[in-house]
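1. Got a sequence here, can you model it:
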Amino acid sequence: MLKTERPAAAIQINLAAIFVSMELSRSTWLITAVLPGNGEKMSKYPIAAGNIAGLFDLFSKLRERSRAKTGQSYTIITIQEAGLDGFWIHRALVKEGIESHVVDPASIATPRCHRRVKTDRIDGEALLRVLLAFKRGEPRVCSMVRTISREDGDRRRIARERKALMVERVAHVNRIKGLLFSQGITDYEPVYKNRRQRLEELRTGDGNTLPRHMKAQISRELDRLELVINQIKIIEDERDTLIAAQTADSTKPGSLRRSRCCLRSKDSVRNSPTPFGRRGCSGILTTAVKSPPMPASRRRPGKAARSTGSKAYQRRAIQDSEQR
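-> Prediction:
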């Protein structure tokens, strides 16, 4: 009778490894580990934050303890949440030959029947259970983050800094316009090149000159605005130089595509950081959820262009002012 090969199981059961979760904070790293031969016990080890040498020493001790109990040597698999620490810990672990995973914390399922207690101890155990389920092959357990190289992360600094400066420029413009609006002046544009000359010619709604202290305040605001405008110009020149250098290098089409994606500034949305930018991280989710498109019957084309308060209108006004 012929024997047929059975297909590989979708869920892996035999996981011969040391599983470690790292709950990172500013002062302490809480390491939670499950060792082979130690049953279901989760051991916890606090170490000082940033002590990467102490972390490697702890991993060596865990290997020795597992070898003493089972007589075998096991690999270490780690997991951590994407956060303010970025990817430097992940890169250090990978450099030492340790399998490391970075997970999106928002993708981890939590109980919703009652208010959840949140501590480092509980979060560390939850991360460890997520790692075990992920390595078993259970579907849709979590969303792991695809890490980026140091070069790609540094290249994104240009777009991120430009976005922050654009927000600062809008804040200065709105502050100046708000001060002038209280005096009945509505036709002054601080981003125009003749802003200093126009400031001297301004008259209030009742025909008087600007009050002395308000004029001095607006002048100082213009000083800060001009500094931000000059910094934006420097960053955009650096961005254009980098794009030109990547364009000239025809031997790396993949690198050219990534740099163009990260550095184009036709739209401020393209210069925005990745979804983890607000958390201090710049990775990319491996399982993204896309929102369904809006039905055609509900779309109102041209509304953003007509609205003076929309972002599209403000971007077009700023671009027109820079060309003058």
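
2. Helices of the stretch 151-300 of the chain, residue ranges please.
-> Listed in chain order, the helices of the stretch 151-300 of the chain (DSSP state H, counting those that start in this stretch) span residues 195-201, 212-248, 253-263.

3. What mean pLDDT does the last one get?
-> In this model, helix 253-263 has a mean pLDDT of 50.

4. ok but residue 101 is inside a helix, no?
-> No: judged by DSSP: H, G, I helix; E, B strand; the rest coil, residue 101 forms no part of a helix; its state is strand.

5. separation between the nearest residue to it once chain neighbours are set aside and residue 237?
-> If you skip the residues right next to it in sequence, residue 101 has residue 79 as its closest partner in space, 4.7 Å away by Cβ to Cβ, 6 or more residues apart in numbering. Bear in mind the C-beta positions are built from the backbone N, C-alpha and C, glycine included. In this structure, residue 79 lies at 41 Å from residue 237, with Cβ to Cβ, to the nearest Å as the measure.

6. And the average pLDDT for stretch 53-60 is what?
-> The average pLDDT within stretch 53-60 is 94.

7. now that stretch, how far from the chain's geometric center?
-> Taking Cα atoms, centre = their mean, to the nearest Å, one finds the center of stretch 53-60 at 28 Å from the center of the full chain.

8. in that stretch, what counts as buried?
-> Neighbour counts using 16 or more other Cβ atoms under 10 Å place 55, 58-59 of stretch 53-60 among the buried residues.

9. out of these, which are inside helices?
-> In helices, judged by DSSP state H, the following of the buried residues of stretch 53-60 are found: 55, 58-59.

10. coming back round to it: ok, the residue nearest to residue 101 touching residue 103?
-> Yes: at 5.9 Å, residue 79 and residue 103 qualify as touching, with contact defined as Cβ atoms under 8 Å.

11. shared neighbours of these two, anything?
-> Shared contacts of residue 79 and residue 103, defined by Cβ atoms under 8 Å, 6 or more residues apart in numbering, comprise 127, 130.

12. pLDDT wise, what is the residue nearest to residue 101 at?
-> Model confidence at residue 79, given as pLDDT, is 95.

13. swap in residue 1?
-> So residue 1 comes in at 41 (pLDDT).

14. How are the helices of the stretch 1-150 of the chain distributed by residue range?
-> With DSSP H, counting those that start in this stretch, the ranges of helices along the stretch 1-150 of the chain come out as 52-70, 88-95, 120-136, 150-181.

15. Contacts for stretch 174-194, please.
-> Outside of stretch 174-194, the residues within contact range by Cβ under 8 Å, 6+ apart are 169, 172-173, 195, 198-199, 202-206, 210-211, 214, 217-218, 221-222, 225, 229, 318, 321-322, 324.

16. give me the low-pLDDT residue ranges for the stretch 151-300 of the chain?
-> 250-300 (pLDDT under 70).

17. The same query, at a cut-off of 90, please.
-> Scanning the stretch 151-300 of the chain with the threshold set as pLDDT under 90 gives 151-156, 207, 241-300.

18. Thought residue 90 was touching residue 100, still the case?
-> Yes: applying Cβ under 8 Å as the test, residue 100 and residue 90 come out as touching, 4.8 Å apart.

19. which residues are in contact with both of these two?
-> A shared contact of residue 100 and residue 90, defined by Cβ under 8 Å, 6+ apart, is any residue touching both; here these are residue 80.

20. Residue 177 and residue 188, how far apart?
-> Distance from residue 177 to residue 188, by Cβ to Cβ: 7 Å.

21. quick revisit: pick the one among the buried residues of stretch 53-60 closest to residue 42.
-> Proximity of the buried residues of stretch 53-60 to residue 42 was ranked by Cβ to Cβ; the top entry is residue 58 with 14.7 Å.

22. Show the contacting residues for the closest one.
-> Residue 58 makes contact with 31, 45, 47 under the criterion Cβ under 8 Å, 6+ apart.
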